[in-house]
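Asks: What would the 3D arrangement of this be:
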Amino acid sequence: PFYLETRESQRFAELVAAPVPRAAGIWTQVTGWFSGAHLAYLRSPLGPEVFGRPYFGTFTGPFNWVGAESGYAGLAALAGTAVALAAAAARRRALPFALFAGFALLAAARFEPLVATLAWIPGARAMAIERLLLPGTLALAVAVALGAQALARRPRRALWIAFAAAAAVSLGAAATPRTLAAWLLLAAAAAVAPRRRTLAALALVAALVVDLGLFSRDLVPAGFARQLYPKSPLLAELARRGGDEPFRVAALGTEAYPATLAPAGLEDLRVHDPLADQRYLDLTGAAFDFHPTTSLYFAPFARPERRFADFLGLRFLLARPVDDAPVGWEPIRAPAEPGWVAYENPRAAPRVFLPVAVALAARAELPERAAALDDGRTVVVATEQAPPWLVAGVVPGGEDRIRLVARRNGRLELDLRLAASRAVATSLLEWEGWRAEADGRALETLPLFGAFLGFRAPAGESRVVLAYRPPGFAAGAAVSAAAGALLLGAAVASRRRRS
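Replies: Coordinates of the predicted model:
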């Protein structure tokens, strides 16, 4: 389900929808075995301080602490994998996991022939392939269990040689006191495992605390969220004015980076996510010149006076005092922050509203029509997606009423009183999984501007519920329940056989 959703994303549209280069074109781009600083990722499984103590020492790894350390599964995983590959009984089961971990390491290190080959796999060009380190560490964690089983029996010399080789490579990469202590505890656990299982387990737990426990503690910020993202007096004033109704904010240019307003409890109109819906970005690009790409994460924002901002519910705009004020917007200032000013949009539409007019246009024209709106409560529907009951033109219904009763993540409840059945608009993205119901009856939905959720509400008084369930949730829950039942049954059967 997650992959199916990514097909509408910015990253997919930018990198996957482009034509696949010809074989000659791919391979002529391979200039060496590895790509620059990425080669250092090959060292990530070797120790907790192979790139320095996270956030406390001098960083010697590729790019940043989080990315560089994401390939570390622990010294027990490194030792267990080596032992499992040396043990004839465990090798066959451990080999697929070790091979996948090796594949993830080579991909993250940008092994050029492998990267060039991945360009031919549908969807692979959209991946940030360094993230393969995460499932790669999971594969090592599975392999360690197989190695531990081999050591728990009476280990042969070959297993000790494999263990010692893993320790030597790790200490050669970074022989720090913490790494040495963890290896000594692991060796003690392996030495007593055939005779004293409880003592071996205690030594293993101690090794994990010294290794992964201290390592994880270093990666967790030691401060408070309010110190990292303080809610300034101006942002606090915007939140107060916004009240309980959902609204959006933005900032002119790149003065405040996209998504940095979210920790203050403000929903930013500008997205900062390569998996953002490309249909949405097509519209914001045409209306506000907001075009984030893989290489331009922090895209500037302009033209807030466009009426499409009203449709999106853009209530507040942050700017510098030297910026031009949007016409008709009320300025908001905080004396403690003279370097900033906010503007309040008096025309911002609520998250769910009754449109005053409906227009039809070809799907390819929707971004242009959004940019040229003359009323934020006018909606445009693609001719190819318009249902038979939808009529273009001004929508009558001066006495019609709609009220938001309750909302929480993924669910809105509305009270409607309509003289006749009509379209209702929202600025919620029309992702698969949204459903609309009136008093328990499913309502027909329709896409607005090709990207937002609309629905047909019945005449009269009704309670409408908009609810979102991720695609595949029910099937995934059923598979998980079935897998849990099978594991439980296998455990009971195994216990009965032993008894």
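Asks: Point out where the stretch 1-150 of the chain drops to low pLDDT.
Replies: Across the stretch 1-150 of the chain, the ranges flagged by pLDDT under 70 are 1-2, 17-32, 122-123.
Asks: So which residues of it form strands?
Replies: Using DSSP state E, counting those that start in this stretch, no strands are found in the stretch 1-150 of the chain.
Asks: Show me the helices in it, by range?
Replies: 2-6, 10-11, 23-27, 65-69, 75-86, 88-108, 112-118, 133-152 (DSSP state H, counting those that start in this stretch).
Asks: next one: the stretch 251-400 of the chain
Replies: 278-288, 308-311, 366-371.
Asks: and for the first one, what are the contacting residues?
Replies: Taking Cβ atoms under 8 Å, 6 or more residues apart in numbering as the criterion, the residues outside helix 278-288 that touch it are 8-10, 12-13, 250, 269-271, 290-292, 301-304, 306, 308-309, 366-368, 370-371, 429, 449-451. From N, CA and C alone the C-beta is placed, and that goes for glycine too.
Asks: Highest mean neighbour count out of the helices of the stretch 251-400 of the chain?
Replies: Of all those, helix 308-311 has the most neighbours on average by mean count of other Cβ atoms under 10 Å, namely a mean of 25.
Asks: Now do that one, average pLDDT.
Replies: The pLDDT scores in helix 308-311 average 97.
Asks: and it, how far from the chain's centre?
Replies: Its chain's C-alpha centre and that of helix 308-311 lie 26 Å apart, by Cα atoms, centre = their mean, to the nearest Å.
Asks: Can you list the helices and strands that it packs against?
Replies: Applying 3 or more Cβ pairs under 8 Å, 6 or more residues apart in numbering; DSSP states H and E, one finds that helix 308-311 contacts helix 278-288, helix 366-371.
Asks: wait, which of these is closest to residue 442?
Replies: Residue 442 lies closest to helix 278-288 among the helices and strands packed on helix 308-311, at 23.7 Å (Cβ to Cβ).
Asks: pretty sure residue 160 is in a helix, no?
Replies: Yes. Assessed by DSSP: H, G, I helix; E, B strand; the rest coil, residue 160 belongs to a helix.
Asks: need the contact list for it.
Replies: residue 190.
Asks: same thing with the one 3 residues further on?
Replies: Neighbour list for residue 163: 79, 82, 83, 151, 186, 187, 190 [criterion: Cβ under 8 Å, 6+ apart].
Asks: Likewise for residue 208?
Replies: 74, 76.
Asks: Tell me, what's the model's pLDDT at it?
Replies: At residue 208, pLDDT is 91.
Asks: distance of it from residue 250?
Replies: 46 Å (Cβ to Cβ, to the nearest Å).
Asks: Without its sequence neighbours, what residue ends up closest to residue 69?
Replies: Nearest residue to residue 69 in three dimensions, chain neighbours excluded: residue 54, at 6.0 Å (Cβ to Cβ, 6 or more residues apart in numbering).
Asks: and residue 399, which of the helices and strands packed on helix 308-311 is closest to it?
Replies: Here helix 366-371 is closest among the helices and strands packed on helix 308-311 (Cβ to Cβ), at 28.7 Å.
Asks: So which elements touch the closest one?
Replies: Taking 3+ Cβ pairs under 8 Å, 6+ apart as the contact cut, helix 366-371 packs with helix 278-288, helix 308-311, strand 378-382.
Asks: Give me the residues contacting it.
Replies: 282-283, 285-287, 306, 308, 311, 359, 361, 380, 382, 449-450.
Asks: Could you rerun that using 7 Å?
Replies: Helix 366-371 is contacted from outside by 282-283, 285-287, 306, 308, 359, 361, 380, 382, 449-450, using Cβ atoms under 7 Å, 6 or more residues apart in numbering.
Asks: which one of the residues you listed is nearest residue 173?
Replies: Distances from residue 173 to the contacts of helix 366-371, taken by Cβ to Cβ, are shortest for residue 285, at 46.2 Å.
Asks: that older thread, what residues are up against the residue nearest to residue 69?
Replies: Contacts of residue 54 (Cβ under 7 Å, 6+ apart): 65, 69, 218, 219.
Asks: I'd like the residues you listed laid out as JSON lines, including distance to residue 132 and neighbour count.
Replies: Listed next are the contacts of residue 54 as JSON lines, based on distance: Cβ to Cβ, whole Å; neighbours: other Cβ atoms under 10 Å:
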{"residue": "65", "distance to residue 132": "18", "neighbour count": "17"}
{"residue": "69", "distance to residue 132": "15", "neighbour count": "21"}
{"residue": "218", "distance to residue 132": "23", "neighbour count": "16"}
{"residue": "219", "distance to residue 132": "19", "neighbour count": "13"}
